[in-house]
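In: Would you be able to build a 3D model of this:
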Amino acid sequence: NVGCSQTATVAITSTVTPTVTASSSATAICPGTSILLTAGSTNGGGTPAYKWKLGSAYISGATAATYTTSSAVNNDSYTVELTSSSGCASPSVITSNPVIITVNPTLVPSVTIPTTTSTICSGDIITFTSTSVNPGSTPSYIWRKNGVAITPAATGTSYSTTSAANGDVYSVAMTSSALCASPSSNVSNTISVAVSQLPNVSGTTTVCEGSTITLNGSGTANATNPWLSATPAAATVSNIGVVTGVSVGTTILTYTNNNGCSKEVTVTVNEKPTITGTLFVCVGSTTQLIGSNTPAASNSWMSSSPSKATIDGNGLVAGVSVGTSVITYKTISGCTHSVTVTVNALPTITGVPMVCAGFNTQLTGSTTADATIPWVSATPSVATVNNSGLVTGVAGGTSVITYKNSTGCVITQTVTVNPTTAPSVSITANNSTI
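Out: As a prediction, this is how the structure comes out:
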């Protein structure tokens, strides 16, 4: 041993611990969707090696840091195995976390419009309501009329309109927001609308209390209750449209045809007038009648028998001859009221219309005398008359004696009263010398 020595430098490398993670571009997908799996590592060395696994089985050819597949099925578990090229890696082979893929089933969305009453009357509101399958949480809807999107856009689950025309066809397109909806858009069945025209109502719409009018509805009337009155206390209506005025006011009448379509009209009930005054008159005399409310502008008063009694525009009746006449009064609203006026004959007076003062003469009136004061003398200082028609001369002159019968008719007779003179006699001779 000659005591020689030699030195060497030894490099000691620290042990490293490699890591690896796996991630996916998506973990919840639809069938057939392509996903990208990516490995992330540390301490993998300069030339790390990767092996992708599906479950516990290696995937053939999947040896890159990324792996793309479109064949994943629900609950597939992917991992990546890293072999570090670092000399001091410990362990040199590690496996990543698993990436669990959820593959949602394909959903087939659909939309339908349930069959509802699609026959309406013109102007009626019709509502279409869609029923959807697999619409998702935020589906979108576009309603169409005759194949064209409705404007302004109708985008709700239902659609209502009052402007449908006969033969219009409605449908709705639904775009599903559900994951894996295929196809995402779907068009419903179509609903064709039949629109019946509204009927018409003709006839006058004013009626008087106690009177009737007739309204006519077009087309065929409904078999049950074709006419209805909203306020029967004002006016009633029969099944054939005969309206009877009950009391002053208005009511809405509704006519319904056999298509179920209705038309409304407002009917006004006007007040029936009244007539006040004496309903009898003597031949040659007059009586005043008064009508309520405003009279008609022309022919407000009419006599059915002018040969018996006439009436002027102010309601003054003149007796012409014995008999009756129906007097009718009409108001500005066209309502009328009629009364019967009786024309009584004038009485007559018989007897001697001359008497001497202090003497009597009997006058007799025809028909039944008035019960109260049948006889009146205009000048009692010349002649008086009692209730039996006995005239007593008082002083020379004349007095008009009036007789009234039980119908109120009067006749007059002028009675002359001659003054009483004392009789005298004288004797004369043609020659007093004989």
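In: how much space between the residue nearest the centre of the chain and residue 281?
Out: The residue lying closest to the centre of the chain (C-alpha atoms, centre = their mean) is residue 264, at 6.7 Å. Using C-beta to C-beta, to the nearest Å, we find residue 264 at a distance of 49 Å from residue 281. Backbone N, C-alpha and C define where each C-beta goes, glycine included.
In: So, low pLDDT: which residues of the protein?
Out: For the chain, residues meeting the criterion pLDDT under 70 lie at 1-3, 5, 8-13, 116-117, 422-427, 429, 431-434.
In: okay, now residue 385: neighbour count?
Out: As a burial measure, residue 385 scores 24 neighbours (other C-beta atoms under 10 Å).
In: Repeat that for residue 233.
Out: 11.
In: do the same with residue 102
Out: Residue 102 has 12 neighbours, counted by other C-beta under 10 Å.
In: do the same with residue 358
Out: Per other C-beta under 10 Å, the neighbour tally for residue 358 reads 12.
In: still on that earlier bit, what about the residue nearest to the centre of the chain, which helix or strand?
Out: For residue 264, the host element (DSSP states H and E) is strand 262-270.
In: Strand partners (parallel or antiparallel) of that strand?
Out: For strand 262-270, the paired strands and their directions (DSSP bridges) are strand 206-208 (parallel), strand 249-256 (antiparallel).
In: would you list these in TSV and tack on mean neighbour count and distance to residue 30?
Out: Listed next are these as TSV, based on neighbours: other C-beta atoms under 10 Å; distance: least, C-beta to C-beta, whole Å:
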stretch	mean neighbour count	distance to residue 30
strand 206-208	21	74
strand 249-256	19	56
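In: can you tell which of those strands is closest to residue 225?
Out: Between residue 225 and those, the tightest spacing by C-beta to C-beta is seen for strand 249-256, at 7.3 Å.
In: Restricting to C-alpha, output that closest one in PDB.
Out: Only the C-alpha atoms of strand 249-256 are listed here, as PDB (Å, rounded to 0.1, in the frame of the first residue of the first chain):
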ATOM      1  CA  GLY A 249    -137.600  51.200 -19.600                       C
ATOM      2  CA  THR A 250    -135.300  49.200 -21.800                       C
ATOM      3  CA  THR A 251    -134.400  45.600 -22.200                       C
ATOM      4  CA  ILE A 252    -131.800  43.700 -24.300                       C
ATOM      5  CA  LEU A 253    -133.400  41.000 -26.500                       C
ATOM      6  CA  THR A 254    -131.200  38.200 -27.800                       C
ATOM      7  CA  TYR A 255    -132.000  36.100 -30.900                       C
ATOM      8  CA  THR A 256    -130.200  32.800 -31.400                       C
END
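In: What lies in contact with the strand holding residue 264?
Out: Here strand 262-270 makes contact (C-beta atoms under 8 Å, 6 or more residues apart in numbering) with 121, 198-201, 205-209, 213, 215, 217, 234-235, 243, 245-256, 331, 333-335.
In: And the helices in this structure?
Out: With DSSP state H, there are no helices along the chain.
In: Which positions in stretch 401-421 come out as buried?
Out: Counting neighbours by 16 or more other C-beta atoms under 10 Å, one finds that the buried residues in stretch 401-421 are 401-405, 407, 409-411, 413, 415-417.
In: between these, which is nearest residue 83?
Out: Closest to residue 83 out of these is residue 407 (144.2 Å), distances taken as C-beta to C-beta.
In: quick one: contacts for the residue lying closest to that closest one once chain neighbours are set aside?
Out: Of all residues not flanking residue 407 in the chain, residue 344 sits nearest, at 4.1 Å (C-beta to C-beta, 6 or more residues apart in numbering). Going by C-beta under 8 Å, 6+ apart, residue 344 touches 280, 281, 282, 283, 319, 322, 407, 408, 409.
In: cool, residue 236 as well?
Out: 229, 243, 244, 246.
In: for the second one, which residues make a bridge with it?
Out: Spelled out, it's residue 243. Beta-bridge partners, per DSSP bridges, of residue 243: residue 213, residue 237.
In: Could you do the first one as well?
Out: Beta-bridge partners of residue 229, counted by DSSP bridges, are residue 253.
In: neighbours around it, how many?
Out: Counted with other C-beta under 10 Å, residues neighbouring residue 229 total 19.
In: so how far is residue 345 from it?
Out: Counting by C-beta to C-beta - residue 229 and residue 345 are separated by 50 Å.
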